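In: predicted structure and sequence below. I'll ask about it afterward.
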Amino acid sequence: MNADDNRHAPAPAHAPAPAHAPAPAAADNRAPDEEPAMCFDRATLAYGDRVVWSELSMTVPQGEFLAVLGPNGSGKTSLLRALLGLTPLAGGALDVLGKPPRRGNPDIGYVPQHAGFDRDVPLRGRDLVGLGVNGHRWGFGRLSRADKMRVETALDDVQARRYADAPIGRLSGGEQQRLRIAQALVGNPRLLLCDEPLASLDMRYQQEITELIGDWSRQRRGTVVFVTHDVNPVLSYASRVVFVVDGRWAAGRTDDVLTTETMSGLYQAPVEVLRVKGRIVVVGEASGAGLDLDEPHHFPAPTGGHGAHVDRGGHA
């Protein structure tokens, strides 16, 4: 399976027939024989009897920015856990940077959701970034001169040196999240996994954090998997999306997946996708309400079983 596959998962019998979108082109700056950043091949993830998503097939070339979308509980974070080797698949196969996923892969950086630190925690911003170098060891330990230089470079990359010696708990949410990104990047990863890094941040910081991650991807040719409730902050960076709903999924180029036809098939209810002043707005007729993608709880309630899929974009 390669980045130009155009096979389609079966649509549910009562959903619209899938549109056969053109196969996405290979990334412009990759070698023809370059291994993809990740490859899901009919992958199924389940917790006991509960199937989160099934037979997901998607290939993402290196250097691309993938947005992962869907309602709460649809398996977005579980997808990241599978890539990290923390949650095994119930079926199918997954390769990450050419190999099966494994815990502690140094080629993968991870940015968690924003969560505030206690104001009195005895940890400086610089110490937090340093954990990206020696966090696998017991205790803090001493950094080598080369490791200290890596920390300084990471701080400069996220423009956080001026508050690097401040107590982490006294910094703003956006400043803390910049330091978390520096911690994830200090090991010079090839793949960066971001689990809703914009949550609880105001619009200004959402824009700044998105730019940091998007610019890193473009400048270093790193691959990003970005879980988010709202695609709008990442629209200018996301080359591909995967949308998961109640076990069904659609994966492909952003403009191929975020369409009225595809979203209606995923939700098995009338859904209209509008583009208004550079933003995507989704209107669900079943609820009679207008909504943005950052309000998934207002989508029409998904219906049907977990075993059906919709794939509008082929194998990404």
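Out: Now that the structure is in, tell me what you want to look at.

In: which residues of the stretch 201-316 of the chain fall in strands?
Out: Secondary structure of the stretch 201-316 of the chain by DSSP state E, counting those that start in this stretch: the strands cover 223-227, 240-245, 248-253, 271-276, 279-284, 289-292.

In: can you lay out those as TSV showing mean neighbour count?
Out: All C-beta atoms are positioned from the backbone trio N, CA, C, and that covers glycine. Shown next, in TSV, are these (neighbours: other C-beta atoms under 10 Å):
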stretch	mean neighbour count
strand 223-227	25
strand 240-245	25
strand 248-253	26
strand 271-276	14
strand 279-284	18
strand 289-292	15
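
In: tabulate those strands (TSV), appending mean pLDDT and distance to Ala199.
Out: Compiled in TSV, the strands of the stretch 201-316 of the chain are given as follows (pLDDT from 0 to 100; distance: least, C-beta to C-beta, whole Å):
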stretch	mean pLDDT	distance to Ala199
strand 223-227	97	10
strand 240-245	94	18
strand 248-253	94	22
strand 271-276	89	23
strand 279-284	82	19
strand 289-292	36	15
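
In: could you list the low-pLDDT ranges of the stretch 1-150 of the chain?
Out: Scanning the stretch 1-150 of the chain with the threshold set as pLDDT under 70 gives 1-33, 134-141.

In: hmm, Gln183 is touching Leu155, no?
Out: No: between Gln183 and Leu155 there is no contact under C-beta atoms under 8 Å: 10.1 Å.

In: between those two, who's got more neighbours?
Out: Between Gln183 and Leu155, counting by other C-beta atoms under 10 Å, Gln183 is the more crowded of the two (25 against 21).

In: ok, back up a step: any common contacting residues for Gln183 and Leu155?
Out: Shared contacts of Gln183 and Leu155 (C-beta atoms under 8 Å, 6 or more residues apart in numbering): Val129.

In: helix, strand or coil: sort out Ile181 for me.
Out: At Ile181 the chain is in helix, as set by DSSP: H, G, I helix; E, B strand; the rest coil.

In: I'd say it and Val111 touch.
Out: Yes: using C-beta under 8 Å, Ile181 makes contact with Val111 at a distance of 5.5 Å.

In: which neighbours do the two share?
Out: Between them, Ile181 and Val111 share these contacting residues under C-beta under 8 Å, 6+ apart: Pro197, Ile213.

In: right, and the strands of the stretch 201-316 of the chain - which one's nearest Tyr205?
Out: Tyr205 lies closest, by C-beta to C-beta, to one member of these: strand 223-227, at 15.4 Å.
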